[in-house]
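Novice: here are the coordinates; sequence isn't available:
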C-alpha cells in the first residue's frame, strides 16, 4: 500500500512526538535514579548505560535501571534502578561494588604474583538481596563478614592474554594457588573463573564491569580460546586436577 505525501505529513509529527517523548521519559527516569543515589550517598554519580524496563510488566521484566559509578571512580561501577514491585522506590548495589574493590586491592599482592603482568582481574562479591543496604556504606568488608553475614559468594575473575590456544599445564599451578587465595576467605562460597583471550583483545572494561554486565566468557565480544572455572566445593587436592576443568571453545 502506498503512503501519500499527505498521509506522511500527518504521521510524521506523531512519530517525532513519540521519539521525543521516549527520550524525555528516559532522561526523567535516569535523573530520578541519580537523585536517589546522590541523596542516599551524598556523592555525584556518572551514568555509563541506561536500560529501559517494561512500563506495563515491571514485576515480570523489571523497571528502568542504570549502570553507574561515582564521579572519578570507575572501578566502583554498580547497578541501580527502580524497584520492579514498588513504583517510586529504588535499589542499588553500590556497597557491594565498594567491598569488591576492597577485596581486589587487599588480595592484589598474592594474585599479581600468580598471573601474567598483562592479565586483568577483579574480585567479585555476591550477596543475597536484603542482607546488605546503604547504611553499611562505611563498613569494611571484614566487619561485614565477621559481624553481619558471611553467607556470600566470592569470585576471582581473570582474563589471561594468549597468542593462541594456551598450554593448559602451564597454568595448573598458578590457578590452583589462586583457588587457595580465595578459599582463605571465611565465606560460604569461593571460586576462580579464568578466560584465555586473544592477546589483541581489549578486556579492561569487561573485567571492570563483570559484576554488572551479565556476560559470560562464551558471549564476550572478543576471541576467547578457553576457560577454567574451579570452585572450593570441588575435590581438588592436587595441581594436576586443574586441567580437568579446562574448557576449550570451538572456532
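Specialist: Arrived safely. Predicted model only: the values in this text are computed from it and were never measured. Numbering: from 1, shown residues only.
Novice: what about residue 181, neighbour count?
Specialist: Other residues within reach of residue 181, judged by other CB atoms under 10 Å, total 18. Backbone N, C-alpha and C define where each C-beta goes, glycine included.
Novice: what helix or strand does it sit in?
Specialist: Taking DSSP states H and E as the criterion, residue 181 maps to helix 172-183.
Novice: phi, psi of residue 230?
Specialist: When quoted as degrees, to the nearest 10, the phi and psi of residue 230 stand at phi -130, psi 150.
Novice: one more: residue 190?
Specialist: Taking degrees, to the nearest 10 as the convention, residue 190 sits at phi -150, psi 140.
Novice: surely it meets residue 233?
Specialist: No: in this structure, residue 190 is not within contact of residue 233 by CB atoms under 8 Å, at 9.1 Å.
Novice: those two - which one has more neighbours?
Specialist: Ranked by neighbour count (other CB under 10 Å), residue 190 and residue 233 place residue 190 first, with 23 against 10.
Novice: avg pLDDT for the helix holding residue 181?
Specialist: Taken as a whole, helix 172-183 has a mean pLDDT of 98.
Novice: quick one: low-confidence parts of the protein?
Specialist: Residues of the chain meeting the criterion pLDDT under 70: 1-26, 52-63, 251.
Novice: for it, which residue is closest to the average position?
Specialist: Centroid check for the chain by CA atoms, centre = their mean gives residue 211 as the closest residue, at 1.7 Å.
Novice: buried set for the helix holding residue 181?
Specialist: Across helix 172-183, burial judged by 16 or more other CB atoms under 10 Å covers 172, 174-179, 181-183.
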